[in-house]
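> Structure for the following, please:
(one chain, ligands or ions: 1)
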Amino acid sequence: MLFQHLTNVKRTPVVRGRCTRPWGFTLIELLVVIAIISLVISIMLPSIQSAKELAREVICQSNARNIGTLLQYYAQDFDNRFPVSDNGPNPAQWRSPYRFWSVALAVYLTEDESLLAPNWYMISPNQPESVVKHFQCPTLVGVHPSERSTRSMNNYGNFFSDPDCFNAGLNLEAVEDPFRRVAVGEGAYSYSPEGKMYRETFRRVEEMGFYHNGGEVTGIWKFMSFPEQYEQTDGRGTFLLVDSHVVSVKREEIAATPESGSGSYFTTPY
Ligand SMILES: [Zn+2]
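Numbers count the residues shown, from 1 in each chain. Purely as a prediction, here's the structure:
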């Protein structure tokens, strides 16, 4: 009833003034409004970017945890060992049906194993997005969209000169400090057309690149002319430890061996 009453009230017609421009902005007013909007955007943009980066890092860490779960599946199927980073070029020596660690784990992600060609390098463009996304850090693929895998695995077990050790994979029972041993890190080995390079498979801890850096992607290794010559800016990286927990740490927190540095985490190849 009240509503009916209100709608029945007659509107008073708006009386226009003598102004010849009843409605509108002067140029000055428009410029002031634009300036204020620009200022607001410039103030907010960094926080929007860092919020986006935070969201990407959450996904990155979640993917790392999923890889930890897949590693445990693999270990159950292969005598409590992890896959090796690279089984090498000779299929007769392969312990797993697949050459590379990521493909060995991808078996647990798809019903269609025909998608997983055994000898493909890491993750192939033909493999489904639902599989590939687990091996990607959103920050890194944002920088380099052609990357199919931006993670690499510790090279333990890859002793090409030792046939007994070769292809064995990391024996989990032999790891004394699984909470400090890095299993998987960010930064697959690859070149890009721009000359940037992602590292690394833990051959040298000082070559590992970190990419998350408080909202800005700055930790890109720049390939110069030799593999030893890189520029690096500081940042963080996401790492999966052997005991399946995930950490986001700075480079200084990681050492090649307990003897070689003061890091809390180690990447020693076994
Ligand atoms: Zn990441």
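
> drop to CA atoms for contacts and neighbour counts, all remaining ones
Will do.

> So which residues on this structure come close to the ion?
Within reach of the ion by Cα under 5 Å from the ion, the chain has these residues: C60, C137.

> For the chain, give me the ranges with low pLDDT.
For the chain, the stretches flagged by pLDDT under 70 are 1-23, 117-125, 143-146, 155-167, 187-236, 251, 256, 260-261, 268-270.

> rerun that using 90 as the cut-off
The chain contains residues with pLDDT under 90 at 1-30, 39-57, 78-79, 81-104, 106-107, 109-177, 181-239, 248-270.

> Sketch out the helices for it, chain order is fine.
2-8, 27-77, 101-106, 129-132, 138-143 (DSSP state H).

> In a markdown table, list those helices along with mean neighbour count.
Formatted as a markdown table, the helices of the chain follow (neighbours: other Cα atoms under 10 Å):
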| stretch | mean neighbour count |
| --- | --- |
| helix 2-8 | 8 |
| helix 27-77 | 15 |
| helix 101-106 | 25 |
| helix 129-132 | 16 |
| helix 138-143 | 18 |
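
> Kindly reformat the ones you listed as TSV and extend each row with distance to T150.
Output for the helices of the chain, formatted as TSV (distance: least, Cα to Cα, whole Å):
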stretch	distance to T150
helix 2-8	62
helix 27-77	10
helix 101-106	11
helix 129-132	10
helix 138-143	7
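
> Pull the contacting residues for the residue lying closest to E147 once chain neighbours are set aside.
Excluding its sequence neighbours, the residue lying closest to E147 (Cα to Cα, 6 or more residues apart in numbering) is V141, at 5.8 Å. V141 makes contacts with E147, R148, T150, as judged by Cα atoms under 8 Å, 6 or more residues apart in numbering.

> I'd like the distance between V141 and R56.
10 Å (Cα to Cα, to the nearest Å).

> do L172 as well
For L172 relative to R56 (Cα to Cα), the value is 30 Å.

> Which residues are in contact with the closest residue to the ion within the stretch 151-270 of the chain?
Scanning the stretch 151-270 of the chain for the residue nearest the ion gives T238, at 5.5 Å (criterion: Cα to the ion). Contact partners of T238, counting by Cα under 8 Å, 6+ apart, are C60, Q61, A64, G185, E186, V246, V247, S248, V249.

> next one: V246
Shown in contact with V246 (Cα under 8 Å, 6+ apart): Q61, A64, R65, T238, F239, L240.

> Determine which two of those residues are furthest apart.
Across those, the longest distance by Cα to Cα is 10.2 Å; it joins R65 and T238.

> wait, which of the contacts of V141 is closest to the ion?
Proximity of the contacts of V141 to the ion (Cα to the ion) peaks at T150, which lies at 8.2 Å.

> isn't the closest one right up against H134?
No. Using Cα atoms under 8 Å, T150 makes no contact with H134, being 9.7 Å away.

> rewinding a little: and the residue of the stretch 151-270 of the chain closest to the ion, how far from E57?
With Cα to Cα as the criterion, T238 and E57 are 8 Å apart.

> next one: E147
Counting by Cα to Cα - E147 and E57 are separated by 17 Å.

> Likewise for E173?
31 Å.

> again with K133
14 Å.

> ok, back up a step: of the contacts of V141 - the most surrounded one?
T150 (27 neighbours; other Cα atoms under 10 Å).

> so which residue of the stretch 1-150 of the chain comes closest to the ion?
C137 (4.1 Å).

> where do the strands sit along the chain?
151-153, 182-186, 190-191, 196-198, 221-222, 236-241, 246-250, 254-255, 265-266 (DSSP state E).
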